[in-house]
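>>> Build the 3D model from these lines:
(chains A and B)
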Amino acid sequence: MEAEAAALLGKYIGAGLACLAMAGAGIGVGHVAGNFLAGALRNPAAAKEQTATLFIGMAFAEALGIFGLVVAMLLLFAV
Amino acid sequence: MAAANGEESFIHPMDQFVIKPLFGGGEVQLLSITNSTLWMAISVLAITALTVWGTSGRALVPTRVQSVAELLYGFVRQMVEEVAGEGSMKYFPYIFTLFAFILFSNMLGMIPGSFTPTAHIAVTATLALAVFITVTVIGFLRHGTHFLTFFWPKEAPGWLRPVLCVIELISYFVRPVSHSIRLGANMLAGHAVLKVFAGLFAMVIAGGLGPMAVVPLAAMVGLTAFEFLVAFIQAYVFAILTCVYLHDALHMH
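Numbers count the residues shown, from 1 in each chain, chains lettered A, B, ... in the order given. You can find the predicted model right below:
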């Protein structure tokens, strides 16, 4: 019983720690959007063509945070 | 999964993702019609209705439905032309199908009580694997074994090339994983968060703290608007990444 409780505790702490990945994803997406805006305000004429690149960059930055969420989900529901 | 730990809860946020057969009940069989397949079929029917019925008039001054269909077509066409580059228009129907299916599945999933097929990794992994295999086959058909030099960076200094080759190989084979998980987990997390706030709302009401329920309600309204944005952006990102991969296969960097 004691070991089971410890395993449950570890599971929840691990799931919570895995959500720290969101902090990294937040920093990454913020960097992408902020730098895009900084560049776009310097040269607004070129900004429109680069929105696709903006979304691709955001998607890549976000994906790594999402992997953290997947780890949390696996810990909560699959382990 | 409701009240898995013996706790009393109104709704479990993960209950909405349970796949159930529509007829007969019991276990999900190989070919049984489930809520997932039902909503996939509804989105396919909606796309077909929009594109076939919308453009059947071919009016010079488009009607409302026709202009929506034209908007969708023009949007995807512009994306394919800009991102995938020359010679990619041959694959436009595939990317249009992917984009429309994911967009409609995501959007129809926002209807309360409906089901989001794209929240399941099984669905998104199938789509992403199809893209991966298609793109790899296109690359080999177009360039033959020369396509393998895609993994051998010629610009790098000699001693670094084997290391970069390993990294290129890993990043190539991780593509379907990240491609599918990005869409699936985004939809899953968004809908789960909506349900968490809905459960909070119900709990506050049941706890007798009536006016305080405004807080989760306001959060839900904001999150619902945000989820519509996410539903569109994720479909866009899935399609645009397909275009990027297609560009790699067609033009090798």
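>>> Going by C-alpha atoms from here, please, whenever you check contacts or count neighbours.
OK.
>>> Residue B:148: how many residues sit nearby?
12 (other C-alpha atoms under 10 Å in any protein chain shown).
>>> cool, and the one 10 residues further on?
As a burial measure, residue B:158 scores 9 neighbours (other C-alpha under 10 Å).
>>> how close does it sit to chain A?
29 Å (C-alpha to the nearest C-alpha, to the nearest Å).
>>> so where does residue A:35 fall, helix or strand?
helix A:21-42 (DSSP states H and E).
>>> for that helix, packing partners?
helix A:44-47, helix A:51-73 (3 or more C-alpha pairs under 8 Å, 6 or more residues apart in numbering or on different chains; DSSP states H and E).
>>> where's the residue in the stretch 101-250 of chain B that chain A sits nearest to, which helix or strand?
In the stretch 101-250 of chain B, no residue comes nearer to chain A than residue B:182, which is 5.5 Å away by C-alpha to the nearest C-alpha. Using DSSP H and E, residue B:182 maps to helix B:161-206.
>>> chain center to that helix, what's the gap?
11 Å (C-alpha atoms, centre = their mean, to the nearest Å).
>>> pLDDT of it, averaged?
Mean pLDDT, taken over the full extent of helix B:161-206, equals 87.
>>> which helices and strands does it pack with?
helix A:51-73, helix B:121-143, helix B:214-251.
>>> ok, 10 Å please
Applying 3 or more C-alpha pairs under 10 Å, 6 or more residues apart in numbering or on different chains; DSSP states H and E, one finds that helix B:161-206 makes contact with helix A:51-73, helix B:92-108, helix B:121-143, helix B:214-251.
>>> Keeping just the C-alphas, turn stretch B:139-158 into PDB.
What follows is stretch B:139-158, C-alpha atoms only, in PDB (Å, rounded to 0.1, in the frame of the first residue of the first chain):
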ATOM      1  CA  GLY B 139      11.200  12.600 -53.400                       C
ATOM      2  CA  PHE B 140      12.500   9.200 -54.600                       C
ATOM      3  CA  LEU B 141      10.400   9.200 -57.800                       C
ATOM      4  CA  ARG B 142      11.600  12.700 -58.700                       C
ATOM      5  CA  HIS B 143      15.200  12.400 -57.800                       C
ATOM      6  CA  GLY B 144      15.900   8.600 -57.600                       C
ATOM      7  CA  THR B 145      18.600   7.600 -55.200                       C
ATOM      8  CA  HIS B 146      20.000  11.200 -55.500                       C
ATOM      9  CA  PHE B 147      17.300  12.000 -53.000                       C
ATOM     10  CA  LEU B 148      19.500  10.400 -50.300                       C
ATOM     11  CA  THR B 149      21.900  13.300 -50.600                       C
ATOM     12  CA  PHE B 150      19.200  15.300 -48.900                       C
ATOM     13  CA  PHE B 151      20.700  13.900 -45.700                       C
ATOM     14  CA  TRP B 152      24.300  14.700 -46.600                       C
ATOM     15  CA  PRO B 153      24.900  18.400 -46.200                       C
ATOM     16  CA  LYS B 154      27.500  19.400 -48.800                       C
ATOM     17  CA  GLU B 155      28.100  22.900 -47.400                       C
ATOM     18  CA  ALA B 156      29.300  21.700 -44.000                       C
ATOM     19  CA  PRO B 157      33.000  21.000 -43.300                       C
ATOM     20  CA  GLY B 158      34.100  17.400 -44.000                       C
END
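>>> Give me the buried positions along it.
When neighbours are counted by 16 or more other C-alpha atoms under 10 Å in any protein chain shown, the buried residues of stretch B:139-158 are found to be B:139, B:143, B:147, B:150-152.
>>> which sections of chain B are below the confidence cut-off?
In the prediction, chain B carries residues with pLDDT under 70 at positions B:1-11, B:25, B:253.
>>> Around chain A, which positions in it sit nearby?
Within chain B, the positions near chain A by C-alpha under 10 Å from any C-alpha of the partner chain are B:1, B:79, B:82-83, B:177-179, B:181-186, B:189, B:233-234, B:236-238, B:240-241, B:244.
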